[in-house]
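# Model the structure of this input:
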Amino acid sequence: MLTLDFIKDIKIYQRKRGYRFSIDSLLLCDFVRGGFHTKLIADFGAGSGIIGILLAKKFTKSGVHLVEIQEELSALSKRNVEINALDDYVTVHTRDIRTVNGYFSQNSFDIVVSNPPFRKPVSGMICPDTEKAIARHELKITFDELVNSAFYLLKGKGKLVFIYHPSRFVETIEILKKNKFEPKRIRFVHSNMETEAKMYLMEAVKEGKPEMTIEPPLFLYETHGQYTQEVQNIIGKAIR
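Predicted structure coming up:
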């Protein structure tokens, strides 16, 4: 069963009990920086297509390619692209991220974005729902494999932008450097001012020079449980 949800003038079909996007998708899209030179963007692990659709709205001169291994989610992405009339800008590929080598042209993309699975298969309980399990656990791809595919796809100085869990922060830096990426921008995401970071946003540059900026923390909620003004602004400008 599907639900039809709205983010301002964007319409998104989602499974009622399967994988559903969260505010992480909006935070990630807001964190992505680009400009007139941004021609091609790839979303690794596109799910229902929400991130790619938001980025197509944000970078109106760019072509966006969604890569999703799960056939049902890929079909859902295509449906969402169509109902938002973005067929000319967004292309969906039912494909394993690990096989982009040779499928796309090497060194051809400006930005790769991803909200990848961050739990190892042996950590925590595996969700019985297959879509959710693959989205949360490294059942189909590891972060190392994802970064390796991003390196193939990106131009020199191209950007890999992702959201990930702090428990794997050190490991993430090691993997990026091993694959010739340099962390450039990091922003930690907290539920509120009194909690430890629950996620972090990172921009890494292919073959970049060593230099990193840690941006001010992003707090999701006020003490009374309402979204902070910054998060409200992010939600409000998600498609502008």
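# longest helix anywhere in this protein?
Counting by DSSP state H, the longest helix found in the chain is helix 71-83.
# mind checking which helix or strand of this structure has the lowest mean pLDDT?
Within the chain, no helix or strand scores below helix 130-136, which has a mean of 47 by mean pLDDT, DSSP states H and E.
# what comes up buried for the longest helix of the chain?
Across helix 71-83, burial judged by 16 or more other C-beta atoms under 10 Å covers 73-74, 76-81. All C-beta spots, glycine's among them, are computed from the backbone N, C-alpha and C.
# need the contact list for V231.
Neighbouring residues of V231 by C-beta atoms under 8 Å, 6 or more residues apart in numbering: 23, 218-221.
# packing partners for the longest helix of the chain?
strand 10-15, helix 50-58, strand 63-68, strand 90-94 (3 or more C-beta pairs under 8 Å, 6 or more residues apart in numbering; DSSP states H and E).
# V90 touches I51, doesn't it?
No - counting by C-beta atoms under 8 Å, V90 does not reach I51; the two are 10.7 Å apart.
# For this protein, which segments count as helices?
Going by DSSP H, the chain shows helices at 23-31, 50-58, 71-83, 130-136, 143-153, 169-178, 229-236.
# Can you lay out these as TSV showing distance to R187?
Conversion of these to TSV gives the following (distance: least, C-beta to C-beta, whole Å):
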stretch	distance to R187
helix 23-31	7
helix 50-58	17
helix 71-83	27
helix 130-136	22
helix 143-153	18
helix 169-178	12
helix 229-236	11
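# Which among the ones you listed is found nearest to S114?
Nearest to S114 among the helices of the chain is helix 143-153 (6.3 Å), distances taken as C-beta to C-beta.
# ok and that closest one relative to helix 169-178, angle-wise?
30 degrees (axes from the mean of the first three to the mean of the last three C-alpha atoms, to 10 degrees).
# Name the residues that touch stretch 77-94?
Residues outside stretch 77-94 that contact it (C-beta under 8 Å, 6+ apart): 10-13, 46-50, 52-53, 56, 60, 62-69, 71, 74-75, 103.
# Please spell out the ChimeraX selection for the buried subset of the residues you listed.
Buried residues among the contacts of stretch 77-94 (16+ other C-beta under 10 Å), as a ChimeraX selection:
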select :10,12,46,47,48,49,50,52,53,56,62,63,64,65,66,67,68,69,74
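# shaky segments in this structure?
Along the chain, segments meeting pLDDT under 70 span 118-140, 237-240.
# Go again with 90.
Scanning the chain for pLDDT under 90 picks out the ranges 1-2, 5-9, 15-22, 35-37, 117-141, 223-225, 235-240.
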